[in-house]
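J.: Give me the fold of what follows.
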Amino acid sequence: MSWRSVPPTAGSAVADAMGVEKTDASCYHHQCVERLGAGLTVTARAADGTVESLELPDAIGWFLAVQWHPEDTAAEDPSQQRLFDVLVRSA
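T.: Below you'll find the model as predicted:
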């Protein structure tokens, strides 16, 4: 497991959900976003430029994707757990 400091964009859904200015994210990528799909917005990047969070601002409903693994630390890190809590409430 590798750790990256990831600062979400202020005012983004990921920042609002997590309630933090940066997170230490569990990352072990073998793939990552190279080109954005139509309408997607990058809302968090690692220091090396890797896209770590995407949102679809014009979506009907809630749309948030993270590249890191919040499930690895949600039991110990309330900000990671909040991603799941917001997902469940939004569903």
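J.: what about stretch 48-56, start to end distance?
T.: In stretch 48-56, first residue to last residue: 23 Å (Cα to Cα, to the nearest Å).
J.: Check which residues of the lengthiest helix in the chain are buried.
T.: Longest helix of the chain, by residue count under DSSP state H: helix 78-90. Neighbour counts over helix 78-90 (16 or more other Cβ atoms under 10 Å) mark 79-83, 86 as buried. C-beta: built from backbone N, CA, C; applies to glycine.
J.: what does that helix rub up against?
T.: 13-14, 17-20, 23, 61-62, 64, 66, 70-75 (Cβ atoms under 8 Å, 6 or more residues apart in numbering).
J.: What's the mean pLDDT across it?
T.: Helix 78-90 comes out with an average pLDDT of 94.
J.: Kindly report the same for stretch 32-51.
T.: 91.
J.: Run the chain-centre distance for it.
T.: Stretch 32-51 has its C-alpha centroid displaced from the chain centroid by 10 Å (Cα atoms, centre = their mean, to the nearest Å).
J.: Ends of it, what's the gap?
T.: Using Cα to Cα, first and last residues of stretch 32-51 are 7 Å apart.
J.: Please identify the helix or strand for T43.
T.: Using DSSP states H and E, T43 sits in strand 41-45.
J.: and that strand, which residues are buried?
T.: In strand 41-45, counting by 16+ other Cβ under 10 Å, buried: 43-45.
J.: Would you map the helices across the chain?
T.: Using DSSP H, helices in the chain cover 13-18, 78-90.
J.: by contact count, what packs against the first one?
T.: Put plainly, it is helix 13-18. Helices and strands touching helix 13-18, as assessed by 3 or more Cβ pairs under 8 Å, 6 or more residues apart in numbering; DSSP states H and E, comprise strand 41-45, strand 51-55, strand 64-66, helix 78-90.
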